[in-house]
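Chemist: whatever this is, show me its structure:
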Amino acid sequence: MDEHTIKEKIGKIRPQVIGVVITQRENEINLCPINFQAVSTIYEKPPSVCIGLDNSNYTLETILETKEFVYAYPSKNQLKDTIYCGTVSRHNVDKLNNTNFTFSPSKIIKPPILNNAVLNFECKLIHYINLGQFTIVVGEIKEIYSSDKTTLDKIYSLGGQKYGILKDFEILQEGRK
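Modeler: As a prediction, the model looks like this:
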């Protein structure tokens, strides 16, 4: 398949929710936005988060070293800081010094949770697989924090460099019958 066809077809998965991965190495906190993620349902045991990270990524290095991370859904009020953190690498700059993000201690793991996020998940690394250019990381959810924000406060990638929120959604069916 040619690159144009791939871009056109994959574009139909948008909008895609944007999450952030928070890691901590010693006292250095890092935050990395991603949109390659899946969170398990209540039926899957153990509850888990699956994320994809580029192999040159500082966040991936830290997860593999510390075996823990926080996965969070930032709120729409955190859009500019989230985007900024996706444009610079912790390899080169302490990017959080240039944001308004604030954090609170986690209960179980060292990396902190993101204040004012829709949801935060404390995760312990249970599996990873290197796929060449990137690595899939699976973390067991050890603790969940929710805020007064709703699912409509999450940030979505709309394709290209466009970002937005959902204004509403329609329930098409309740239950499985």
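
Chemist: roughly how far apart are the closest residue to Ser75 other than its chain neighbours and Lys95?
Modeler: If the residues on either side of it in the chain are set aside, Ser75 comes closest to Asp153, at 4.4 Å by C-beta to C-beta, 6 or more residues apart in numbering. Glycine gets a C-beta too; all of them are placed from N, C-alpha and C. Separation of Asp153 from Lys95 (C-beta to C-beta, to the nearest Å) stands at 23 Å.

Chemist: and for Ser104?
Modeler: When C-beta to C-beta is the yardstick, Ser104 and Lys95 sit 19 Å from each other.

Chemist: neighbours of Tyr84, how many?
Modeler: Applying the criterion other C-beta atoms under 10 Å, we find 16 residues in the vicinity of Tyr84.

Chemist: would you mind writing the CA trace of the helix or strand where Val20 lies as PDB?
Modeler: Assessed by DSSP states H and E, Val20 sits inside strand 19-25. In PDB, the C-alpha atoms belonging to strand 19-25 read as follows (Å, rounded to 0.1, in the frame of the first residue of the first chain):
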ATOM      1  CA  GLY A  19      -3.500  10.900  26.800                       C
ATOM      2  CA  VAL A  20      -0.300  11.600  28.700                       C
ATOM      3  CA  VAL A  21       2.300   9.300  30.200                       C
ATOM      4  CA  ILE A  22       3.900  10.600  33.400                       C
ATOM      5  CA  THR A  23       7.200   9.100  34.600                       C
ATOM      6  CA  GLN A  24       9.700   9.900  37.300                       C
ATOM      7  CA  ARG A  25      13.400   9.100  37.300                       C
END
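
Chemist: Asn30 versus Leu96, what's the distance?
Modeler: Between Leu96 and Asn30 the computed distance is 7 Å (C-beta to C-beta).
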